[in-house]
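Q: Make a model of this:
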Amino acid sequence: MPPRFAELFTPKLVTVLREGYSLAGFKADAVAGLTVAIVALPLSMAIAIASGVGPERGLYASIVGGLIVSALGGSRFQIGGPAGAFIVLVAATVMQYGVDGLITATLLSGLILMAIGFFRLGTFIKYIPYPVTVGFTSGIALIIFASQLKDLLGLTLSGTEPGPVVPKLEALAHALPTMSAAAVAVAGASIALIFALRKFRPHWPAFLIAVALAAVVTALLGLPVETIGTRFGGIPRALPAPHLPDLSPARVVEMLPSALSFALLGGIESLLSAVVADSMTGRRHRSNCELVAQGVANIASALFGGICVTGTIARTATNVRAGARGPVSGMLHALFLLAFMAVAAPLASYIPLSALAAVLAVVAWNMAEKHEFGVLLRASRGDAVVLLATFLLVVFRDLTEGILAGFGIGTLLFLHRMAQSVEVETGLPLVEEDRADSANGRDDYDAALSGDEGVAVYRISGAFFFGAAGAVGAALDRIGEHPRAHVIDLSAVPLVDSSAAASIAGFARRAERTGAAVFISGARTSVRHMLFAHGARPPQVRYRHTLEDAVAEARLGDKAED
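A: Got it, this is the predicted structure:
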């Protein structure tokens, strides 16, 4: 019996509480939540700044969105908040439509994610090819690193920093004479400290320690570097009152493309993160329930002025490694962040932007799937094409274009491979390579292909779908026009789509005009129903359970109707 709607969308929090939630479990979740909050604090601000908004908006997203993702989600361990993958899209949206447009797009993306989840379309997101995910992740990593060069080097630009990579690099190159030695020193020391801590003290919060020490050193030595205080005037100590963004019809239509991009990327990122948590714990998430929670989280984040929320792979993995027992750890992580903001907001003004840029530079290095990129380049030409097309389009054109183009090319390659796996056992290849015409300008013709009179038997194997329908139909027509009977064995065909069924029906009609009978053997019930629907039915086509029965009747020349 299939699960009911309510069962599919019951949050994992409810499941954990039903199983019996103990004080020991709460203590473990509290430790994990505190650990994740310490990691999320500098990351949330750094991602927001890189996205072109104030650091407080990243904190709002982590607090409000993170609380809801854990409370309503379909994963036990998912940690929600702003993700580095969104920097490119968010920055482009802010540049074109302003912060108000971003908030509207974030709210709309939440509605779209909820719709995707409730219509149970989350399963299809899992079909995005692996080379596409590696390509767009590596592309995003490169763009994130490029976006941090200004603060890493302490450059001063004469105008607004361009968004596209090539113009950005050109503008930064022209601004190299303004490089700040103090900013470079702070950034370099922060990066070195982060890597050193990860190697020698892997359980210590490297990001927070590096940012805190950079702030202390900058304040004590009076280093001439830009800080959160000098650029943004600090961060508030509490959440703002919720308010609706502009949802006028004209604004909704204007922001819908950005919202769709946010929803697509958010869905992919959150489900990838949930899969990582599953692989680390042996649990299973409910993808559609997770997408609904992500949708609600984005709506709530927008109401409080936060940026896009999704499942965050690094923070989710940290949550698992810290010993979390369930979603309570994610909820506590959000509450700890709120407490940090209330207590330490004045201190955040001293944080150097070059230190936060160093944090994102390390994030970009970790995001770039360097090993996987190399493996896919060597794996096959098809995978390399999908990978490079996605990567190059993400870097030099647009993130959404890169994902869609990679998915499209990957789908075509999959269909081609599936079509090649379908065979017609007659001694002829189903898909022939191109060849040159003969010297006289005509295609070569092998008279042996005409076959002898009698009974022609063909066995089709593999999924018989539109990708192979044309080739199979051409093979059947080419094999022979003269036999008095054709026997097509479909016992090794698990499925037939409408294109394939139509090709069989068309072949049967052509055979009938030449006076030849057509027998189909071994067709499954679902295959037979599809063939019937497209006109391949008795008396034009006769169905038999076994190949032996069909061949025996064809040889007898039995013309009796079923």
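Q: Show me the shaky parts of this structure.
A: The chain contains residues with pLDDT under 70 at 1-3, 125-126, 417-453, 465-482, 558-562.
Q: what helix or strand is Leu239 on?
A: Secondary structure assignment for Leu239, by DSSP states H and E: no helix or strand.
Q: ok, so what distance separates the residue nearest to it when sequence neighbours are not counted from Leu332?
A: Take Leu239 and drop its neighbours on the chain: the residue closest to it by Cβ to Cβ, 6 or more residues apart in numbering is Phe304, 5.7 Å away. C-betas here are computed from N, CA, C, even on glycine. Using Cβ to Cβ, to the nearest Å, we find Phe304 at a distance of 19 Å from Leu332.
Q: More neighbours: which of the two?
A: For Phe304 versus Leu332, the count of surrounding residues by other Cβ atoms under 10 Å is larger for Leu332: 23 against 18.
Q: List the residues that contact the residue nearest to the more buried one when sequence neighbours are not counted.
A: Leaving aside its sequence neighbours, Leu332 sits nearest to Gly33 (Cβ to Cβ, 6+ apart; 3.2 Å). Contact partners of Gly33, counting by Cβ atoms under 8 Å, 6 or more residues apart in numbering, are Asn319, Ala324, Val328, Ser329, Gly330, Met331, Leu332, His333, Leu335, Phe336.
Q: so Lys12 makes contact with Arg325?
A: No - contact between Lys12 and Arg325 fails when scored by Cβ atoms under 8 Å: they sit 11.3 Å apart.
Q: circling back to that earlier point, tell me which of the contacts of Gly33 fall in helices.
A: Asn319, Val328, Ser329, Gly330, Met331, Leu332, His333, Leu335, Phe336 (DSSP state H).
Q: Of those residues, which is the most crowded?
A: Ranking the ones in helices among the contacts of Gly33 using other Cβ under 10 Å puts His333 first, with 34 neighbours.
Q: what about the strands in the stretch 401-550 of the chain?
A: Along the stretch 401-550 of the chain, counting by DSSP state E, counting those that start in this stretch, strands occupy 423-424, 455-461, 485-492, 517-521, 541-544.
Q: okay if I get those as TSV plus distance to Leu271 and mean neighbour count?
A: As requested, the strands of the stretch 401-550 of the chain are exported to TSV (distance: least, Cβ to Cβ, whole Å; neighbours: other Cβ atoms under 10 Å):
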stretch	distance to Leu271	mean neighbour count
strand 423-424	35	21
strand 455-461	34	20
strand 485-492	34	22
strand 517-521	41	23
strand 541-544	43	22
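Q: on that earlier part again, and the two most separated of the ones in helices among the contacts of Gly33?
A: Asn319 and Leu335 (14.3 Å; Cβ to Cβ).
Q: Secondary structure element for Thr104, which one?
A: Assigning secondary structure by DSSP H and E places Thr104 in helix 87-118.
Q: Quick check: buried residues in that helix?
A: Using 16 or more other Cβ atoms under 10 Å as the test for burial, helix 87-118 gives 87-94, 97, 99, 101-114, 116-118.
Q: Quick one: the strands in the stretch 1-150 of the chain, in order.
A: With DSSP E, counting those that start in this stretch, the ranges of strands along the stretch 1-150 of the chain come out as 80-81.
Q: mind putting the contacts of Gly33 in TSV, distance to Leu153 included?
A: Compiled in TSV, the contacts of Gly33 are given as follows (distance: Cβ to Cβ, whole Å):
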residue	distance to Leu153
Asn319	34
Ala324	38
Val328	42
Ser329	38
Gly330	36
Met331	39
Leu332	38
His333	33
Leu335	37
Phe336	33
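Q: wait, what's in contact with the residue nearest to Leu239?
A: Tyr60, Val64, Leu239, Pro240, Pro242.
Q: 6 Å - rerun?
A: With contact set as Cβ atoms under 6 Å, 6 or more residues apart in numbering, Phe304 has these partners: Tyr60, Val64, Leu239, Pro242.
Q: Looking at these, which is nearest Ala300?
A: Closest to Ala300, out of all of the contacts of Phe304 and judged by Cβ to Cβ, is Val64, at 5.0 Å.
Q: Roughly how far does the closest one sit from Phe304?
A: Distance of Val64 to Phe304, given as Cβ to Cβ: 5 Å.
Q: Same question for Leu221.
A: In terms of Cβ to Cβ, Leu221 sits 37 Å off from Phe304.
Q: and the gap between Trp365 and Ala24?
A: Separation of Trp365 from Ala24 (Cβ to Cβ): 37 Å.
Q: now swap in Gly110 and tell me
A: 35 Å.
Q: ditto for Val252
A: 48 Å.
Q: quick one, which of those two is more surrounded?
A: Taking neighbours as other Cβ under 10 Å, Val252 and Ala24 compare with Val252 leading, 16 against 9.
Q: Check which element follows the helix or strand where the more buried one lies along the chain.
A: For Val252, the host element (DSSP H and E) is helix 249-281. Note on helix 249-281: by DSSP H and E, the next helix or strand toward the C-terminus is helix 287-303.
Q: For that following helix, which helices and strands make contact with it?
A: Packing contacts for helix 287-303, counted by 3 or more Cβ pairs under 6 Å, 6 or more residues apart in numbering; DSSP states H and E, involve helix 66-72, helix 87-118, helix 122-125, helix 249-281.
Q: mind giving me JSON lines with those helices and columns for distance to Ala185?
A: Output for these, formatted as JSON lines (distance: least, Cβ to Cβ, whole Å):
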{"stretch": "helix 66-72", "distance to Ala185": "34"}
{"stretch": "helix 87-118", "distance to Ala185": "25"}
{"stretch": "helix 122-125", "distance to Ala185": "44"}
{"stretch": "helix 249-281", "distance to Ala185": "34"}
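Q: mind checking which of the ones you listed is nearest Trp204?
A: helix 249-281 (20.5 Å).
Q: quick check: angle from the closest one to helix 87-118?
A: 80 degrees (axes from the mean of the first three to the mean of the last three Cα atoms, to 10 degrees).
Q: what's helix 249-281 packed up against?
A: Using 3+ Cβ pairs under 6 Å, 6+ apart: helix 249-281 touches helix 87-118, helix 122-125, helix 287-303, strand 310-311, helix 313-321.
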